[in-house]
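Novice: sequence first, then the predicted structure:
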Amino acid sequence: MRIHVVSDVHGRADALRAAGDGADALICLGDLILFIDYSDHGQGIFAELFGQENADHLIELRTRKRFEEARAFSRKMWESLEGGGWPHIERAVRRQYAELFDAMPTPAYLTYGNVDVPQMWQDYVREGHHVLDGETVEIGGLTFGFVGGGLRTEYRTPYELDDDVYAEKVAAVGAVDVLCC
């Protein structure tokens, strides 16, 4: 059995579409959303809403580990939008999820990355997509355990978890042949 594994998709529907070529199954370890692109500052939700210059500034602050300033700048930008930031973020995330899940090969076994918004996935998962978090599945005679999300960081991404919550999910999968996280 041939299994392809991808992670950190960050908006690359084109690459995701091709990721299953020649595989019997795809494992996707999340981070589907492209919020801010550290390689191409003109890409991602933040740049779409506020332009590349503002994305440049936010990335510079974060890269220099000036996280409080970055959060203050980001907060100011979100507050400048009518209705606040969330409605704009949600629309952009939903647009990306629609495109990404449409491109997702099947069968696919998925778990969330730290930049994903798990409660939205149910609206986009198609037949042949298996979302697992703190769960196991047998693929080709091997037991795979899936642990979604990430640990807390200064970046404060949407699906960061406390150490004990993450540890509980790791413990829940138990002894596995392959740990996917």
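Specialist: Received, thanks. Numbers count the residues shown, from 1 in each chain.

Novice: now do the strands in this structure.
Specialist: Under the criterion DSSP state E, the chain contains strands at 3-6, 25-28, 108-110, 129-131, 135-139, 142-146, 150-151, 160-161, 178-180.

Novice: the fourth one pairs with which strands?
Specialist: In the sheet containing strand 129-131, its partner strands are strand 108-110 (parallel), by DSSP bridges.

Novice: and the strand it pairs with, how far from the chain's centre?
Specialist: Strand 108-110 sits 13 Å away from the centroid of its parent chain (Cα atoms, centre = their mean, to the nearest Å).

Novice: how about stretch 8-23: buried residues?
Specialist: Applying a neighbour-count criterion of 16 or more other Cβ atoms under 10 Å, the buried positions in stretch 8-23 are 9, 10, 11, 12, 13, 16, 19, 20, 23. From N, CA and C alone the C-beta is placed, and that goes for glycine too.

Novice: what's the first-to-last distance across it?
Specialist: One end of stretch 8-23 sits 19 Å from the other (Cα to Cα, to the nearest Å).

Novice: so who does residue 58 touch?
Specialist: 36, 46, 70, 73, 74, 77 (Cβ atoms under 8 Å, 6 or more residues apart in numbering).

Novice: which of those sits closest to residue 135?
Specialist: Nearest to residue 135 among those is residue 36, at 30.1 Å by Cβ to Cβ.

Novice: OK, contacts around the residue located most distally from the centre of the chain?
Specialist: Distance from the centre of the chain peaks at residue 141, with 27.6 Å (Cα atoms, centre = their mean). The contact partners of residue 141, by Cβ under 8 Å, 6+ apart, come to residue 1.

Novice: over to residue 104?
Specialist: Contacts of residue 104 (Cβ under 8 Å, 6+ apart): 16, 26, 28, 110, 126, 129.

Novice: ditto for residue 21
Specialist: Here residue 21 is in contact with residue 105 (criterion: Cβ under 8 Å, 6+ apart).

Novice: tell me, what residue is most central in this protein?
Specialist: residue 31 (1.9 Å).

Novice: tell me what the longest helix seen in the chain is packed against?
Specialist: Criterion DSSP state H: the longest helix present in the chain is helix 85-103. Counting contacts by 3 or more Cβ pairs under 8 Å, 6 or more residues apart in numbering; DSSP states H and E, helix 85-103 packs against helix 13-19, helix 45-50, helix 67-79, helix 118-121.

Novice: quick revisit: the buried residues of stretch 8-23 into JSON lines, with extra columns for distance to residue 96 and pLDDT?
Specialist: JSON lines is the format used below for the buried residues of stretch 8-23 (distance: Cβ to Cβ, whole Å; pLDDT from 0 to 100):
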{"residue": "9", "distance to residue 96": "10", "pLDDT": "97"}
{"residue": "10", "distance to residue 96": "9", "pLDDT": "97"}
{"residue": "11", "distance to residue 96": "6", "pLDDT": "97"}
{"residue": "12", "distance to residue 96": "10", "pLDDT": "97"}
{"residue": "13", "distance to residue 96": "8", "pLDDT": "97"}
{"residue": "16", "distance to residue 96": "11", "pLDDT": "96"}
{"residue": "19", "distance to residue 96": "16", "pLDDT": "96"}
{"residue": "20", "distance to residue 96": "19", "pLDDT": "93"}
{"residue": "23", "distance to residue 96": "23", "pLDDT": "96"}
